[in-house]
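S.K.: show me how the following folds:
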Amino acid sequence: MNSVPDDQAGAETGERTRPWRIVLVDDHAIFRAGVQHELMAAAPDQVDVVGEGEDVASSVAVITETTPDVVLLDVHLPGGGGAEVVTQVHKTLPDVTFLALSVSDAADDVIGVIRAGARGYVTKSISTSDLVEAIDQVATGDAVFSPRLAGFVLDAFSGSISVESVDEDLDRLSQREREVMKLIARGYTYKEVARELFISIKTVETHVSSVLRKLQLSNRHELTKWATDRKLV
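M.R.: Okay, the predicted model is just below:
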């Protein structure tokens, strides 16, 4: 009796088989290139990068075209953010698996992308070998979180963090306003925020005023407390 190769058997049964087909989504081309190089050098038999996206529109397009097993997804993207990519893709391709890979470890970013439908969330400090393992885990149905981030998700589901409250408040802010808010809450001066985000000090002042108005806060001290209470910084 002739045996059927694993990859062919998987195709016939509809099951996923290695190498996992990966799409990289990040707005920094140099980061995408670095991740692809590391993955293909470390585990060419386990992963195969089949596409890249740099914003919401390009990411949804390439994911729809290639139907990968796993999407490595940054949460901060032009055009609406990583959660928006998950939401749009899952309307037509509910079986595509998303693993957030971000520099951010803020609670709202973690909770937001998981609520949208991602299977895991790891930070960019992760080692290549651990990232390969995380890809393998989410591709085979498990959920994966960096240890500190897992606490946010558990808190959200246990009620320690009000997910509805976090989303409702943050939904009032634009993506840029959120970035400014987090830096101000961390103690950055207006000048430091401007340098970090490559915008003018006047623009920072405008964003801070808008944030305070939308959140009904009076000053940066209240803003810091608001962000700290919600574990956003």
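S.K.: ok, Ser200 touching Ala194?
M.R.: Yes. At 6.0 Å, Ser200 counts as touching Ala194 under the criterion of C-beta atoms under 8 Å. Any C-beta I mention is one placed from the backbone N, CA and C, and that applies to glycine too.
S.K.: who has more neighbours, those two?
M.R.: Ranked by neighbour count (other C-beta atoms under 10 Å), Ser200 and Ala194 place Ala194 first, with 19 against 11.
S.K.: pLDDT wise, what is the more buried one at?
M.R.: Predicted confidence (pLDDT) for Ala194: 91.
S.K.: locate it within the secondary structure: which element?
M.R.: helix 190-197 (DSSP states H and E).
S.K.: and that helix, what's buried?
M.R.: For helix 190-197, burial by neighbour count (16 or more other C-beta atoms under 10 Å) applies to Tyr190, Val193, Ala194, Leu197.
S.K.: so what touches it?
M.R.: Contacts to helix 190-197, defined as C-beta atoms under 8 Å, 6 or more residues apart in numbering, come from residues 176, 179-180, 183-184, 188, 199-201, 203-205, 208.
S.K.: mind listing what the most centrally placed residue in the chain touches?
M.R.: The residue lying closest to the centre of the chain (C-alpha atoms, centre = their mean) is Val75, at 3.0 Å. Residues near Val75 by C-beta under 8 Å, 6+ apart: Gly81, Gly82, Ala83, Ala100, Ser102, Ser104, Asp109, Gly112, Val113.
S.K.: for the first one, grab phi and psi.
M.R.: Note on Gly81: its backbone torsions stand at phi 90, psi 170 [degrees, to the nearest 10].
S.K.: pull the most distant pair out of the contacts of Val75.
M.R.: Ala83 and Ser104 (12.2 Å; C-beta to C-beta).
S.K.: what ranges do the helices span in this protein?
M.R.: 6-13, 29-42, 56-66, 82-92, 107-116, 128-139, 147-158, 163-170, 175-185, 190-197, 201-215, 220-229 (DSSP state H).
S.K.: can you redo the ones you listed as TSV with distance to Val49?
M.R.: As requested, those are exported to TSV (distance: least, C-beta to C-beta, whole Å):
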stretch	distance to Val49
helix 6-13	17
helix 29-42	5
helix 56-66	10
helix 82-92	17
helix 107-116	21
helix 128-139	11
helix 147-158	24
helix 163-170	32
helix 175-185	26
helix 190-197	30
helix 201-215	36
helix 220-229	36
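S.K.: hey, least reliable of those by pLDDT?
M.R.: Lowest mean pLDDT of those: helix 6-13, a mean of 45.
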